[in-house]
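1. sequence? don't have it. structure:
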């Protein structure tokens, strides 16, 4: 366990964020393994079938991660305040609420999968393969939920190393199972989905067992499991806020994907490859966001507002340094990376994906501020403004699908996100910079 309420903010933030970053790299290996092995073994049609449904998976998983991270904000606040009894009650309610939500989402998403894929404009030649792949992934959603519950609780109390260890094992296993199912057994795209689900299951079980054995402070009793309306409302208020924040972003991406899927196989593959690299490049922003949610929550619970202010500015500084590095990488090395991911040299695919990256990376520094600020707001209990900001992103992407993409084609998709980022960051800056924690109003609490 790691107390984030004492010590140098910059060093604490980096040490806390590094294991999360490594964990996210291996999390991305799940999807990279599917893309690379599927494309190199089964061809571009199979890769397009997987890519065409990737935004649906991002939507569901993004909501689950946001939900559990939101739950963990309450746990972190209680840990920072040294209120361990309420902390354990928060953990117990997190587990109960998380399992209920994942069960409901599994039933709904699988039941309406056919309709959802039609809404996504999945090309007829890819529909059956996309349906099979997505169905297996969705049926394994509970395993993803269990892992994210454990990981978010551990991060709330300052442990980011344990989730990393089990993710590394799981990611390596996923890659091995991909090769086994696709190349050896010959199960096709469905095998890639089974590999992902099995790897997630092992990761979830190992993390849960280790957490129980390693941290007696987190042991919950029957009393902790007695339903509490007050605790449930606090958890759902925080969890649904962060879950909806992620979902609104993902809904917008799904809306864009429905338009992208009408541009043909080469554009679908190009966008899939570009988005995979974008996910890797932007990963530190999400990592810093998760770090700041826990950091701000612990310090808010302890009443140390000055540390919150110091940490927010330091986090933005770290992200902007990364933005400079990304700009150099994208303008010098993107095409070879895209060829490696797609296992193709088709000029339309490589050039389109490269153009997407070159234009969007110019405003990456704005996305860094968005991630740090909205998660910091969540950590100090401000839930409405991050949702409003994410809602702006959703509306913007819908407008792009309705007007810009039909007018100028895929270039409309490329231009959409940078324009939307500039608009959606405004309410976050205004709210956070006017909050008492940022203007040195202590409200009687020690800094």
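-> Nice, thanks for sending it over. This structure is a prediction, so every number in the text was calculated from the model and none was measured. Numbering: from 1, shown residues only.
2. Would you mark the buried spots in stretch 90-103?
-> Across stretch 90-103, burial judged by 16 or more other CB atoms under 10 Å covers 90, 91, 92, 93, 94, 95, 97, 98, 101, 102. For every residue, glycine as well, the C-beta is placed using N, CA and C.
3. Quick check: the two most widely separated of those residues?
-> 90 and 102 (18.1 Å; CB to CB).
4. Return the list of helices and strands in contact with whichever strand or helix holds residue 245.
-> Using DSSP states H and E, residue 245 sits in helix 229-260. The contact analysis (3 or more CB pairs under 8 Å, 6 or more residues apart in numbering; DSSP states H and E) places helix 229-260 against helix 54-80, helix 84-111, helix 265-302, helix 364-379, helix 384-399, helix 410-433.
5. How far off centre is that helix?
-> 11 Å (CA atoms, centre = their mean, to the nearest Å).
6. relative to helix 84-111, how tilted is that helix?
-> 40 degrees (axes from the mean of the first three to the mean of the last three CA atoms, to 10 degrees).
7. okay, the angle between helix 229-260 and helix 384-399?
-> Going by the same axes, to 10 degrees, helix 229-260 makes 20 degrees with helix 384-399.
8. Touching, residue 344 and residue 270? I think so.
-> No. Contact criterion CB atoms under 8 Å: residue 344 and residue 270 do not qualify, at 9.7 Å.
9. neighbour-wise, which of those two wins?
-> residue 270 (28 against 20; other CB atoms under 10 Å).
10. How about the contacts made by the closest residue to residue 83 other than its chain neighbours?
-> Take residue 83 and drop its neighbours on the chain: the residue closest to it by CB to CB, 6 or more residues apart in numbering is residue 301, 7.9 Å away. Shown in contact with residue 301 (CB atoms under 8 Å, 6 or more residues apart in numbering): 76, 77, 78, 79, 80, 81, 83.
11. With residue 414 instead?
-> Residue 414 touches 355, 356, 359, 360, counting by CB under 8 Å, 6+ apart.
12. Tell me how far it lies from residue 406.
-> With distances taken as CB to CB, to the nearest Å, residue 414 is found 15 Å from residue 406.
13. Equivalent analysis for residue 100, please.
-> From residue 100 across to residue 406, the span is 41 Å (CB to CB).
14. What of residue 292?
-> 38 Å.
15. Look at those two and report which has more neighbours.
-> Using other CB under 10 Å as the criterion, residue 292 and residue 406 rank with residue 292 on top: 29 against 12.
16. wait, isn't residue 385 in contact with residue 428?
-> Yes. At 6.4 Å, residue 385 counts as touching residue 428 under the criterion of CB under 8 Å.
17. Let me see the mean pLDDT of stretch 361-379.
-> Stretch 361-379 shows a mean pLDDT of 94.
18. Please apply the same query to stretch 270-281.
-> Stretch 270-281 comes out at a mean pLDDT of 87.
19. now do stretch 92-102
-> Here the average pLDDT along stretch 92-102 is 92.
20. cool, and stretch 132-146?
-> pLDDT averaged over stretch 132-146 gives 88.
21. Can you give me the buried ones in it?
-> So, applying 16+ other CB under 10 Å, buried residues of stretch 132-146: 132-138, 140-146.
22. Pick out the most distant pair among those residues.
-> Farthest pair in those (CB to CB) is 132 and 146. Separation: 24.0 Å.
23. hang on, the earlier thing: tell me which of the helices and strands packed on helix 229-260 lies nearest to residue 339.
-> helix 265-302 (9.0 Å).
24. For the helix or strand that that closest one is followed by, which helices and strands make contact with it?
-> Elements were assigned by DSSP H and E; along the chain past helix 265-302, the next helix or strand is helix 305-342. Other helices and strands packing on helix 305-342, by 3+ CB pairs under 8 Å, 6+ apart, are helix 9-42, helix 265-302, helix 347-360, helix 364-379.
25. Go again with 10 Å.
-> helix 9-42, helix 44-52, helix 265-302, helix 347-360, helix 364-379, helix 410-433 (3 or more CB pairs under 10 Å, 6 or more residues apart in numbering; DSSP states H and E).
26. Now tell me which of those the model trusts least on average.
-> helix 44-52 (a mean of 68).
27. Please report the distance of the residue nearest the centre of the chain from residue 23.
-> The centroid of the chain falls nearest to residue 62 when counting by CA atoms, centre = their mean (4.9 Å). Per CB to CB, residue 62 is found 16 Å from residue 23.
28. For residue 80, see how far away the residue nearest to the centre of the chain is.
-> Residue 62 is 26 Å from residue 80, by CB to CB.
29. Any chance you could list residues touching both of residue 344 and residue 270?
-> Among the neighbours of residue 344, those also in contact with residue 270 (CB atoms under 10 Å, 6 or more residues apart in numbering) are 338, 350.
30. And the contacts of residue 414, which is closest to residue 152?
-> The nearest one, if we look at the contacts of residue 414 relative to residue 152 and count by CB to CB, is residue 360, at 28.8 Å.
31. quick one on the thing from earlier: with neighbour numbers in mind, choose between residue 385 and residue 428.
-> Set residue 385 next to residue 428 and count neighbours by other CB under 10 Å: residue 428 wins out with 25 against 20.
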